[in-house]
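Q: Show me how the following folds:
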Amino acid sequence: MAAHGRRRIRVVIGLAAASLSVVACSSEPPPRGRVLLVGIDGATLRIVSPLLAAGKLPYLAELARRGVSGPLRSSRPLLSPAIWATIATGKSRHKHGILAFVRRDQQGRKWLLQSSDRKTHALWNIASDAGLTVGVVNWWNTFPPEKIRGIMVSDHAFPGQLERRARLFKAAAETQGHVAFPERWTQKLLQLIASDETLTTIDDRFLNNDDLPRWVRAKGLSKVYHRDHVVVRVALAIEREIQPDLLMVYLKGIDALSHVFWASVEPSNLYPPQLRPSPSGRKAGAKTLRKYYEYTDELIGVLMRRYASDDLVMIVSDHGFEAGVTGTTLPGIHESEKAIDGVVFARGPGLPRGLAAGLLKVSDVTPTILAWLGLPVAEDMDGAPAPFLNVERVERIATYDTHAIERMGGGSSGAEEEILEELQALGYIE
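A: So this is what the prediction gives:
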């Protein structure tokens, strides 16, 4: 646990505006612990609250008991890449530039947005430039990986294509583009993906589950379960190797399952006949979705156990879910005000214990973490430090966007086609 000790952070920030040169403060800020930020796509209090009351989510319950919890207000349209970029930058989508899932070229071909499409510095860049060590795993639009003071494993590392390469013992050199920084971590990824290390007590509910309708089993949702497992396995490996000052991890599974099973937790009369599950299918679907929340809670616990009482642990989601009644084949959607709130759970020094978080916005996450770390909050950020955060003072800076972001070489990761197919299956793109 020595690595969990308090670290002193000396912040030296350069203000480029008007050619000003800035000197560091003459005294060091108070020592702070480390930060764990976990994003769980699509998690909603509509499912979380009853499970908390039933004692089914012990790690989120611990965060609520020792810190704050409540809704996290998102912004419409409820498109995940844009929201997760806002969470990571503190800025609106029109400032950070991530507006959708794909862009089209002059020939009408679809191209996934990349890290180079983001026009502003993210939390991991800011922390790195301040001298902190950083780990980033599976965050939206992090291909090609950025050269940070630590380890970045991009969202292109985890689709099945890379898993197949691992099973076939292919060399990392065959990857068309680097999916991790530093480069040596691409080879390490293959080893971690092929590992049989088990992190949780909850098994894959999609494997040989005859209670689920055949069409659900055909969706290949086992891949969702295993992908979240591998993401946390990789995050745990980064934590063990460098004990980063800031670790950011993104889990996609709850969103994918909610699209499929949401009709099982809504009144049947909200749906047209073709989207209403049978009584047995409804029971199995609701049980599976709730069990996946429990599974995600266990994965969060795997990481939380590495963090001490002087560290900040924050769990956030980008939106909730609502009934999809427009004739789509997916009964769960997130489009209206009914699905605009995600969740936030946080604990650490400077946070109250056992209180409601108030109505925090997705743009407030990065300013809150910066203020907690003793780093300046930029004036061009749209968010602000959370009202519940008790810090001695909040430093300010005009902007962090004063220099270019260094990235690994671009090109193709080899995973684009599979990612596009998954986005189409979830109804995100045509």
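
Q: Who's the closest spatial neighbour of Val68, skipping the chain neighbours?
A: Ala357 (4.0 Å; Cβ to Cβ, 6 or more residues apart in numbering). Just so you know, the C-beta spots here come from the backbone N, C-alpha and C atoms, and that holds for glycine as well.

Q: where do the strands sit along the stretch 51-200 of the chain?
A: Using DSSP state E, counting those that start in this stretch, the strands of the stretch 51-200 of the chain run over 68-73, 102-104, 110-112, 134-137, 150-153, 180-181.

Q: What strands line up against the shortest one, and which way round?
A: With DSSP bridges as the test, strand 180-181 is paired with strand 150-153 (antiparallel).

Q: chain center to the partner strand: distance?
A: Chain-centre distance of strand 150-153: 14 Å, with Cα atoms, centre = their mean, to the nearest Å.

Q: now swap in stretch 287-299 and tell me
A: 16 Å.

Q: Number the residues from 678 up from this point.
A: Got it, first residue is 678 now, which makes that one stretch 964-976.

Q: Just the CA trace of that stretch, in PDB.
A: The C-alpha trace of stretch 964-976 is given here as PDB (Å, rounded to 0.1, in the frame of the first residue of the first chain):
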ATOM      1  CA  LYS A 964     -32.800 -10.600 -14.400                       C
ATOM      2  CA  THR A 965     -30.000 -10.400 -16.900                       C
ATOM      3  CA  LEU A 966     -29.900  -6.600 -17.000                       C
ATOM      4  CA  ARG A 967     -29.900  -6.300 -13.200                       C
ATOM      5  CA  LYS A 968     -27.200  -9.000 -12.900                       C
ATOM      6  CA  TYR A 969     -25.100  -7.000 -15.300                       C
ATOM      7  CA  TYR A 970     -25.300  -4.000 -13.100                       C
ATOM      8  CA  GLU A 971     -24.100  -6.300 -10.200                       C
ATOM      9  CA  TYR A 972     -21.300  -7.500 -12.400                       C
ATOM     10  CA  THR A 973     -20.200  -4.000 -13.200                       C
ATOM     11  CA  ASP A 974     -20.300  -3.100  -9.500                       C
ATOM     12  CA  GLU A 975     -17.900  -6.000  -8.900                       C
ATOM     13  CA  LEU A 976     -15.600  -4.800 -11.700                       C
END
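
Q: about what we covered before: residues contacting the residue nearest to Val745?
A: Ala1034 is in contact with 745-749, 1021, 1023, 1063, 1065, counting by Cβ atoms under 8 Å, 6 or more residues apart in numbering.

Q: Out of the strands of the stretch 728-877 of the chain, point me to the one whose mean pLDDT is lowest.
A: Note on the strands of the stretch 728-877 of the chain: strand 779-781 shows the lowest mean pLDDT, a mean of 71.
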